[in-house]
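Trainee: Pasting the sequence and the predicted coordinates here, then a few questions.
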Amino acid sequence: MTDALIELKDVAKGFKSADGSLRTVLEDVDFTLAKGEIVALLGQSGSGKSTLLRIMAGLIPADAGDVHYRGQPLFGPAAGIAMVFQSFALFPWLTVQQNVELGLEAAGVAAAQRAERAEGAIELIGLAGFEGALPRELSGGMRQRVGLARALVMQPAVLLMDEAFSALDVLTGERLRNEILELWDGGQMPTQAMLVVSHNIEEAVMMADRVLIFASNPGRVRAELPITLPRPRRADSAEVRLLIDEVYKLMTSAAPTAGAAEEPAKPHLSDRLPEADVGRMESLLELLVAEPFNGRADLPQLAEESELTDEDLLPLADALHRLGLAQLSGGDLLMTPLGHKYVEGSHEFRRQVFGQQLLEHVPLAAFIRHSLEQEAHGELKEEPFLHLLMDSMDAPEAERVLRVAIEWARYGEVFEYDYHTGLIHLPESDES
């Protein structure tokens, strides 16, 4: 592709686990970002999206494959690529002007030229008059504007945005997103292409010319949806709602297996359990069984009715699917017969069913329970289970997954956890 700015071919990346073994985060990633396009990247947390952006920015190297910028191999940060992070990442002791000038100063730009370019970027993103303010004096939306100005002042050909709106409230994020699109469509930005990592499906559809769906374990592009609707787009238009529904289908469908019929993946000990609170799962089931859904809901409609973000709804739906209480199919969430019984049952019945389903469908919980049953005192430290998970994920993710398993197990009375000692133990009623 002659207008390609960034090209990735067979890119792979891994990190060492606690025991020294290699944990593959990205594998066989092929991707091209061309001039004049906005691409959105969607995927589960921990799928390697942020790692991929850092490779494109030249902040970390790929372990295998080719990474090119403007046709040349990328080694280290490139002058034409800038990144906006989820966290505002501002120096609190520097003013807005000084924060925006940082990259220019590092690049050796003269003071007068730095000041002129920084003032232009600050005005462009709507912060004129706040040049002398400190970050603590600004709202979250204004702080993220400073981060955007700091990227744009470098006049990048490629702008990488790593969940740049997710730390903002809904209205502020939407306003800033729309303003960026106005600058882009009006040709006021120096940027020639943007890659946006997001958890928000509507945001991706409203912004992008292409939406890529990222698979996990290891991370790779598994689906692509071109979007040809002209901007600006109306979020409530039929065309946009159909595209959002299509993305939900792609996000919740199993990845196809080459040369074989599509089969659901078997649960594994090191599965990344979704961040799903039991109370919220039950509330979603109760909403699903009632009018107007009557046991079957289109995910976009369910998101609207429940007032849950995609980042919250998809893990809840995934958890219910894993536990056999609901089923994901074609972008819809369907109540299973067991799910109906669960909703109708008493609190004790729900806990009993939850525990049974947990042991049957979540290998990590079953493994911990079995390990406890082999111990004379029915208790074990959490560390061995963390180390086991760290064979396939980093330490923070291992801690998160174990915490989810513990929370689910405590509700289902599969095992208990002492937060003071870090001991996992059998419920008192099961101890000899």
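Mentor: Yep, that arrived.

Trainee: which residues touch the residue lying closest to Y411 once chain neighbours are set aside?
Mentor: Closest residue to Y411 apart from its sequence neighbours, by C-beta to C-beta, 6 or more residues apart in numbering: V278 at 4.7 Å. Any C-beta I mention is one placed from the backbone N, CA and C, and that applies to glycine too. By C-beta atoms under 8 Å, 6 or more residues apart in numbering, V278 lies in contact with F354, E407, W408, Y411.

Trainee: again with L124
Mentor: L124 makes contact with A149, L152, L183, Q188, M189, according to C-beta under 8 Å, 6+ apart.

Trainee: can we see that at 7 Å?
Mentor: Contact partners of L124, counting by C-beta atoms under 7 Å, 6 or more residues apart in numbering, are L152, L183, Q188.

Trainee: On the pLDDT front, check the first one for me.
Mentor: By that I understand L152. Turning to L152, the model gives it a pLDDT of 84.

Trainee: picking that back up, can I get the contacts of V278 in CSV including neighbour count?
Mentor: Output for these, formatted as CSV (neighbours: other C-beta atoms under 10 Å):
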residue, neighbour count
F354, 22
E407, 15
W408, 25
Y411, 18
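
Trainee: nearest to L171, of the residues you listed?
Mentor: The shortest approach to L171 among these belongs to E407, at 31.5 Å (C-beta to C-beta).

Trainee: SS state for L160?
Mentor: With DSSP: H, G, I helix; E, B strand; the rest coil as the basis, the three-state label of L160 is strand.

Trainee: K13 versus that one, what's the distance?
Mentor: Distance check for L160 against K13: by C-beta to C-beta, to the nearest Å, it reads 16 Å.

Trainee: So those two - more neighbours on which side?
Mentor: L160 (27 against 23; other C-beta atoms under 10 Å).

Trainee: need the helices for the stretch 1-150 of the chain, in chain order.
Mentor: Listed in chain order, the helices found in the stretch 1-150 of the chain under DSSP state H, counting those that start in this stretch are 49-56, 96-106, 111-124, 140-152.

Trainee: Check the offset of the third one from the chain's centre.
Mentor: Helix 111-124 has its C-alpha centroid displaced from the chain centroid by 33 Å (C-alpha atoms, centre = their mean, to the nearest Å).

Trainee: buried set for that helix?
Mentor: Neighbour counts using 16 or more other C-beta atoms under 10 Å place R114, A115, R117, A118, E119, A121, I122, L124 of helix 111-124 among the buried residues.

Trainee: before we move on, what about stretch 158-178?
Mentor: Using 16+ other C-beta under 10 Å as the burial criterion, the residues of stretch 158-178 that qualify are 158-168, 172-174, 176-177.

Trainee: what's the distance between that stretch and the middle of its chain?
Mentor: Centroid displacement of stretch 158-178 relative to its chain, using C-alpha atoms, centre = their mean, is 14 Å.

Trainee: can you give me the end-to-end distance of it?
Mentor: The straight-line separation of the ends of stretch 158-178 (C-alpha to C-alpha, to the nearest Å) is 19 Å.

Trainee: So that it lines up with my notes, have the first residue be 14 from now on.
Mentor: That works, and once the first residue is 14, the last one we named lands at stretch 171-191.

Trainee: Can you identify the element that follows whichever strand or helix holds L298 toward the C-terminus?
Mentor: Counting by DSSP states H and E, the element that carries L298 is helix 291-302. Following the chain from helix 291-302 toward its C-terminal end, the next helix or strand by DSSP H and E is strand 309-311.

Trainee: what residues does the next helix or strand after that following strand touch?
Mentor: With elements assigned by DSSP H and E, the helix or strand that comes after strand 309-311 is helix 312-319. Contacts of helix 312-319 with the rest of the structure, by C-beta under 7 Å, 6+ apart, involve 254, 257-258, 261, 265, 297, 300, 323, 326, 330, 344-346.

Trainee: right, and out of the residues you listed, which lies closest to M69?
Mentor: Proximity of the contacts of helix 312-319 to M69 (C-beta to C-beta) peaks at D323, which lies at 23.6 Å.

Trainee: gap between that closest one and A316?
Mentor: From D323 across to A316, the span is 7 Å (C-beta to C-beta).

Trainee: now do D43
Mentor: Using C-beta to C-beta, D43 is found at 31 Å from A316.

Trainee: Between these two, point out the one with more neighbours.
Mentor: With other C-beta under 10 Å as the criterion, D43 and A316 differ in neighbour count, and A316 comes out ahead with 21 against 13.

Trainee: so what pLDDT did the more buried one get?
Mentor: As predicted, A316 sits at a pLDDT of 89.

Trainee: Could you list the low-pLDDT ranges of the stretch 214-363 of the chain?
Mentor: Screening the stretch 214-363 of the chain residue by residue with the criterion pLDDT under 70, one finds the ranges 267-278.

Trainee: quick one: the helices in the stretch 314-445 of the chain?
Mentor: Using DSSP H, counting those that start in this stretch, the helices of the stretch 314-445 of the chain run over 323-335, 350-357, 360-374, 376-386, 396-402, 408-424.

Trainee: Need the winner for burial among the ones you listed.
Mentor: The highest mean neighbour count among those, using mean count of other C-beta atoms under 10 Å, belongs to helix 323-335: a mean of 22.
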